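1. no sequence on this one, just coordinates:
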């Protein structure tokens, strides 16, 4: 069995996306906001609503609709400024700029006007586009659509505490409560803030309105397929499981293990092939005499599964093998030392179900794959 060392899921942020957002912060903010002295009026109000559920390619999609309410009895058109905040310095907080010792970690959010959910009215002139919203005295409902992929790229920025997992992706139990897992420290996630500005004359702003923290995951969860179980070696107490690793974040589009720049495999331009290593946790379930395997994944998931011990020195490692995108994949072999788990000399005889669950080094846990046939161990054969 591979050594199980606690590992906190890491956050991967595309360098280009972050570097542009941080070093060119002043340039990314609308000049009309940046150049003039700000005057806050309490007669103009905006109320942001926190997006629900997981956002990002792994959740709601590449664009996020931020609902907000605009309140102004004058009903004059306003501009809005939306910024996203993430923990850039790793101190566990998102600085809003009110503390002189902590520079703001909020950056201008890229708006996607073409999304039908965005309620902005866009008027184009020869030199620029004028984007406005109309408030009302009772409050007008609007939405700003954020293209977070343009700003964050391939990022996984989570809110709250995450389950600590070992190198195979299994939850690490709490030593003081083995029925519960260990968790990471609290993560600040992503926060959006929005304010409105009256157009014309004096430049008057509303107060900033902040969402609660939420998660954005633009990475692809890994997946696997168990292809076959060709060898049951009862003399050595070993079972070979052949499987294929898939990950949409892998640059190895053709699955040949080489960097083919002409095939546009070097997506991040670093001159190296990122094959998105996928780890695996294999489990077994022993069928009782006369018991048939459930047909639905939900019922299969409810069985009392036990971990398969990896036979050291046999097959491929279980803590990370190269992968390729869906439809291509990279083949691997896991060797199960069943005698350690089940015993020898006939104690292991029986029929077993096998499943595999993929996990990558960025903290993404994929769905379990259940092998469609039972595996028979018969030491008398």
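-> Thanks, I have it. Remember, predicted model here, so these are calculated numbers, not experimental data. Numbering: from 1, shown residues only.
2. Next one: residue 148 from residue 105, what distance?
-> 16 Å (CB to CB, to the nearest Å). Yep, even glycine has a C-beta here, placed from its N, CA and C like the rest.
3. who's more crowded, these two?
-> Ranked by neighbour count (other CB atoms under 10 Å), residue 148 and residue 105 place residue 148 first, with 26 against 23.
4. which residue is nearest the centroid of this structure?
-> With distances taken as CA atoms, centre = their mean, the residue of the chain nearest its centroid is residue 217 (3.1 Å).
5. Quick check, it in contact with residue 162.
-> No - using CB atoms under 8 Å, residue 217 makes no contact with residue 162, being 11.3 Å away.
6. quick one: which helix or strand includes the nearest residue to residue 137 once chain neighbours are set aside?
-> Once flanking residues are discounted, residue 137 sits nearest to residue 73: 4.1 Å by CB to CB, 6 or more residues apart in numbering. Using DSSP states H and E, residue 73 sits within no helix or strand.
7. Quick check: the gap between residue 73 and residue 121.
-> Residue 73 is 20 Å from residue 121, by CB to CB.
8. got it, and residue 307?
-> To residue 121, residue 307 is 58 Å away according to CB to CB.
9. ditto for residue 175
-> 58 Å.
10. Show me which of those two is the more surrounded one.
-> residue 121 (12 against 7).
11. Name the nearest residue to that one, sequence neighbours excluded.
-> residue 132 (5.3 Å).
12. again, but for residue 70
-> residue 135 (3.5 Å).
13. Now do the strands in the stretch 1-150 of the chain.
-> Using DSSP state E, counting those that start in this stretch, the strands of the stretch 1-150 of the chain run over residues 39-40, 45-48, 64-71, 78-85, 106-108, 121-124, 129-132, 140-146.
14. Mean confidence (pLDDT) on the third one, please.
-> By that I understand strand 64-71. Regarding strand 64-71, the rounded mean pLDDT is 96.
15. quick one, that strand and strand 78-85 angle?
-> Using axes from the mean of the first three to the mean of the last three CA atoms, to 10 degrees, the inter-axis angle of strand 64-71 relative to strand 78-85 is 140 degrees.
16. quick one: the residue nearest to residue 97 when sequence neighbours are not counted and residue 271, what's the gap?
-> Leaving aside its sequence neighbours, residue 97 sits nearest to residue 104 (CB to CB, 6+ apart; 3.1 Å). Using CB to CB, residue 104 is found at 34 Å from residue 271.
17. Go ahead and confirm residue 337 touches residue 311.
-> Yes - with contact defined as CB under 8 Å, residue 337 counts as touching residue 311 (3.9 Å).
18. overlap in contacts of these two?
-> Common contacts of residue 337 and residue 311, defined by CB atoms under 8 Å, 6 or more residues apart in numbering, comprise residue 238.
19. Which of those two has more residues huddled nearby?
-> residue 311 (22 against 18).
20. Give me the phi and psi for the more buried one.
-> phi -80, psi 110 (degrees, to the nearest 10).
21. Okay, now the unreliable bits of the chain?
-> Within the chain, the segments meeting pLDDT under 70 span 1-37, 201-202, 381.
22. Which stretches in this protein count as helices?
-> 15-23, 25-28, 31-35, 148-152, 297-301, 338-342 (DSSP state H).
23. Contacts for the fifth one, please.
-> Where contact means CB under 8 Å, 6+ apart, the residues beyond helix 297-301 that reach it are 293, 294, 353, 355, 368, 370.
24. And the buried ones among those, selectable in PyMOL?
-> Command for PyMOL, covering only those of the contacts of helix 297-301 found buried under the criterion 16 or more other CB atoms under 10 Å:
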select buried, resi 293+353+355+368+370
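25. want to try a markdown table for the contacts of helix 297-301, with distance to residue 59 as columns?
-> Below are the contacts of helix 297-301 laid out as a markdown table (distance: CB to CB, whole Å):
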| residue | distance to residue 59 |
| --- | --- |
| 293 | 32 |
| 294 | 29 |
| 353 | 31 |
| 355 | 25 |
| 368 | 20 |
| 370 | 25 |
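26. Max pairwise distance over the contacts of helix 297-301: which two?
-> Greatest spacing in the contacts of helix 297-301, by CB to CB: 293 and 368 (14.1 Å).
27. surely residue 219 meets residue 365?
-> No - using CB under 8 Å, residue 219 is not in contact with residue 365, being 11.5 Å away.
28. ok, back up a step: out of residue 104 and residue 271, which sits in the busier spot?
-> Each of residue 104 and residue 271 has its neighbours counted (other CB under 10 Å); residue 104 has more, 15 against 8.
29. isn't the more buried one right next to residue 93, touching?
-> No - checked against CB under 8 Å, the pair residue 104 and residue 93 is beyond contact range at 11.8 Å.
30. Please state the offset of stretch 230-237 from the chain centre?
-> 38 Å (CA atoms, centre = their mean, to the nearest Å).
31. Repeat that for stretch 41-52.
-> Counting by CA atoms, centre = their mean, stretch 41-52 comes out at 28 Å from the chain centroid.
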